[in-house]
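Q: I would like to see how this sequence folds:
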Amino acid sequence: MVYLPLLIQVVILVAPRLALGECDDACQASRASEDDNVLLQSNVLLQSKLDVEENGDGSESVTLGSVGKPCNNEEGEPILSEAACWAAMDRVGQDHYTWDLADDDYYGGSETAADFPKGCYYQPNQEATYFNKHPKGKYDKKKGSQPFCAKNFDVTNAELLFVGDSDIDYWRNTGVDFPGSFNIGIGGSTCQLWQKKVDWVAKEFQPKTVVLVCGENDFYGSNVEKTFANFQKVVGRFLEDGTRVLYMGTKPEPDSKNMHKRHNAYDALIRAYAGELKNDATGAPPLVMVDVMSSFLELGNPLSLYADDKLHMSEEGYANWVAWAQEALKDQGCWLWQNGRCASGSASSPLMGDGNDCPSGSSKITTEAACKTAAVSVHSVSAHEQPCKESCGNPGWKVADYTAWAAKKCGTTECAGCAPCRATAAHFHGAETTADWPSGCYYCDGVEGCTDGTWFNDHATGNGNGLAQPVCVRN
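A: The predicted model follows:
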């Protein structure tokens, strides 16, 4: 630890240069002039523990090579694509942070430098990765540079690409939890930034599916409508190539409560947009949304979901994201998810009957367990909860309806507190056996003699009762 204070000083001194798209002569000189002991210290910290092999069979590997030496046969080939360089950073545990968003830079930068390694390399004294376009480059041990070396690391035609802000950047082990995927998240980035980068990303990676997170950072300098417009441009560019997009929604972060009203409004627009795209699609929904806000609130939004800063997520928070994303990605019909369950747009979504009968093409739910599961989605499709729709946004709204919603003079609790109208644990009340209510699973809202929520009636026939609605599933 003798060298740590000096290392910190070095990083502070050179950090402003990381925002440059090109590393100039002064920048290169600073990289080469640091104390050799600092380079040794950094090198020790980045030894073999950074080696990563994915998929369990050694088919792919990415590692940092030896200081001042080209990649050897055991390490693999140098990475000579800037897109692959970007993706390789995640493979060795590096973040894609952004020092200066105005510069739209995501790492140390690209350069054409004869005195540094060709292709993708790591500069320990700056804690930065660079991509060198020089046709030959140079390996110099005194400079401390380490080349990125890889085997079978092809980022084109990516099965799955993670794109977005720090929630993506800090999402560790995506390559393991989602085999064949690549992570190019940029901490601190915005939808506005990704709108500028999306064309390059689409061309270089040609992804089949994208997991996207952006918007929360925009609200510190932009409004909901402009952020949503940039979101549409990002999604629209991916859709042009037939790429499906899975959007992970905003979070009810404990340390950004003043932003929750904007988060809810933004997510309401995206829900409406996803629904419209689904209605126009002939196959799988082009845009799928995981409603993280309501999902975390349904879990009680405990601090254990978050890191110490109460903004970013903890391992527990990400464990939920992994499960929810995996479930959404393997489904081909649902476009809106809540806490691992489909909230609309899928054959698994319930239909509401009338009296004691189900709509044509559907049948009653006949077990208490299935009724309890259906209660989650029932709460989303019910047509009787106008206050919830006005405050939280109805997934069935068209984008044009948002203007009217935004103009409403809602109270703070009504607009920002979407948990009461989307948290569903208390809406299943249990089982009964009575001839006076619909048989099987049924739903009450404002029905005389029935507590609002979902019930399961084990009676063989049952009867219709007022506005109580049977909960049905498609045949």
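
Q: got the contact list for the closest residue to residue 80 other than its chain neighbours?
A: Excluding the flanking residues, the one nearest residue 80 by Cβ to Cβ, 6 or more residues apart in numbering is residue 119, at 4.5 Å. The C-beta positions use only the backbone N, C-alpha and C, and glycine is treated the same way. Applying Cβ atoms under 8 Å, 6 or more residues apart in numbering, one finds that residue 119 lies in contact with 78, 79, 80, 85, 131, 132, 137, 147, 148.

Q: go through the residues you listed and flag which are in strands.
A: Counted as lying in strands by DSSP state E, out of the contacts of residue 119, are 78, 131, 132, 137, 147, 148.

Q: how much space between the residue nearest to the fifth one when sequence neighbours are not counted and residue 138?
A: Once flanking residues are discounted, residue 147 sits nearest to residue 65: 4.4 Å by Cβ to Cβ, 6+ apart. Using Cβ to Cβ, to the nearest Å, we find residue 65 at a distance of 14 Å from residue 138.

Q: and the two? which has more neighbours close in?
A: residue 65 (23 against 15; other Cβ atoms under 10 Å).

Q: the residue nearest to residue 80 pairs with what?
A: For residue 119, the beta-bridge partners under DSSP bridges are residue 132.

Q: about what we covered before: farthest-apart pair in the ones in strands among the contacts of residue 119, please.
A: Greatest spatial distance among the ones in strands among the contacts of residue 119 (Cβ to Cβ): 137 and 148, at 12.7 Å.

Q: in the stretch 301-450 of the chain, where is pLDDT below threshold?
A: Where the stretch 301-450 of the chain drops to pLDDT under 70, the residues are 345-349, 376-426.

Q: state the distance from residue 288 to residue 117.
A: If you measure residue 288 against residue 117 using Cβ to Cβ, the figure is 41 Å.

Q: how about residue 92?
A: As judged by Cβ to Cβ, residue 92 and residue 117 stand 15 Å apart.

Q: those two: which has the busier surroundings?
A: A count of neighbours by other Cβ under 10 Å puts residue 117 above the other of residue 92 and residue 117, at 28 against 18.

Q: would you confirm that the residue nearest to residue 147 contacts residue 73?
A: No. Between residue 65 and residue 73 there is no contact under Cβ atoms under 8 Å: 11.4 Å.

Q: check contacts around the closest residue to residue 433 other than its chain neighbours.
A: Excluding the flanking residues, the one nearest residue 433 by Cβ to Cβ, 6+ apart is residue 458, at 4.6 Å. Residues near residue 458 by Cβ under 8 Å, 6+ apart: 368, 431, 432, 433.

Q: closest to residue 467 out of the contacts of residue 119?
A: Nearest to residue 467 among these: residue 85, at 61.2 Å, using Cβ to Cβ.

Q: tell me who's in contact with that closest one.
A: 79, 107, 119, 120, 129, 131, 148.

Q: make it 7 Å
A: Counting by Cβ atoms under 7 Å, 6 or more residues apart in numbering, residue 85 touches 79, 120, 129, 131, 148.

Q: identify the residue nearest it in space, chain neighbours excluded?
A: Nearest non-adjacent residue to residue 85, counting by Cβ to Cβ, 6+ apart: residue 120, 3.5 Å away.

Q: neighbours of that neighbour, how many?
A: Residue 120: 27 neighbours (other Cβ under 10 Å).

Q: please tell me I have it right and it contacts residue 148.
A: Yes. Applying Cβ atoms under 7 Å, one finds residue 120 in contact with residue 148, separated by 4.1 Å.

Q: measure how far the lengthiest helix in the chain is from the centre of its chain, please.
A: Identified as the longest helix of the chain according to DSSP state H is helix 260-280. Remark: helix 260-280 is offset 15 Å from the chain centroid, using Cα atoms, centre = their mean, to the nearest Å.

Q: just stretch 358-366 next, same as before
A: 35 Å.

Q: what are the contacting residues of that stretch?
A: 351, 353, 371, 374, 439-441, 470-475.

Q: phi, psi for residue 140 please.
A: Here is the backbone geometry of residue 140 (degrees, to the nearest 10): phi -130, psi 110.

Q: I'd like the numbering to begin with 47 instead of 1 from here.
A: From this message on, residue numbering opens at 47, which makes the last subject residue 186.

Q: burial count for it?
A: Neighbours of residue 186 (other Cβ under 10 Å): 15.

Q: what does residue 288 give?
A: 9.

Q: residue 178 touches residue 154, doesn't it?
A: No. Counting by Cβ under 7 Å, residue 154 is not a contact partner of residue 178; they are 10.3 Å apart.

Q: which one's more surrounded, the two?
A: For residue 178 versus residue 154, neighbours defined as other Cβ under 10 Å are more numerous around residue 178 (28 against 25).

Q: could you give the angle of the helix or strand encompassing residue 241 to helix 306-326?
A: Assigning secondary structure by DSSP states H and E places residue 241 in helix 237-251. With axes from the mean of the first three to the mean of the last three Cα atoms, to 10 degrees defining the directions, helix 237-251 sits at 40 degrees from helix 306-326.

Q: how about helix 237-251: buried residues?
A: 237, 238, 239, 240, 241, 243, 244, 247, 248, 250, 251 (16 or more other Cβ atoms under 10 Å).

Q: next one: stretch 343-359
A: For stretch 343-359, by 16+ other Cβ under 10 Å, it's 343, 344, 345, 347, 351, 352, 358, 359.

Q: again, but for stretch 375-386
A: In stretch 375-386, counting by 16+ other Cβ under 10 Å, buried: 375, 377, 380, 381, 382, 383, 384, 385.

Q: kindly reformat the contacts of residue 131 as TSV and extend each row with distance to residue 158.
A: Shown next, in TSV, are those (distance: Cβ to Cβ, whole Å):
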residue	distance to residue 158
125	16
166	14
175	16
177	10
194	18
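
Q: out of the residues you listed, who has the most neighbours?
A: residue 194 (29 neighbours).

Q: ok, that one - contacts?
A: 108, 110, 125, 131, 134, 166, 167, 168.

Q: out of those residues, which is nearest to residue 287?
A: residue 131 (22.1 Å).

Q: now do the closest one against residue 196, distance only.
A: Counting by Cβ to Cβ - residue 131 and residue 196 are separated by 10 Å.

Q: joint contacts of the two?
A: Common neighbours of residue 131 and residue 196 (Cβ under 7 Å, 6+ apart) are residue 125.

Q: hang on, the earlier thing: out of the buried residues of stretch 375-386, flag the one nearest to residue 324.
A: Of the buried residues of stretch 375-386, the one sitting nearest to residue 324 (Cβ to Cβ) turns out to be residue 381, at 4.5 Å.

Q: from residue 320, how far off is the closest one?
A: 5 Å.

Q: give me the common contacts of these two.
A: 331, 333, 334, 335.

Q: neighbours of the residue nearest to the second one when sequence neighbours are not counted, how many?
A: Same thing as residue 333. Spatially, and ignoring its direct neighbours in sequence, residue 333 is nearest to residue 320 (4.4 Å; Cβ to Cβ, 6+ apart). Using other Cβ under 10 Å, residue 320 has 23 neighbouring residues.
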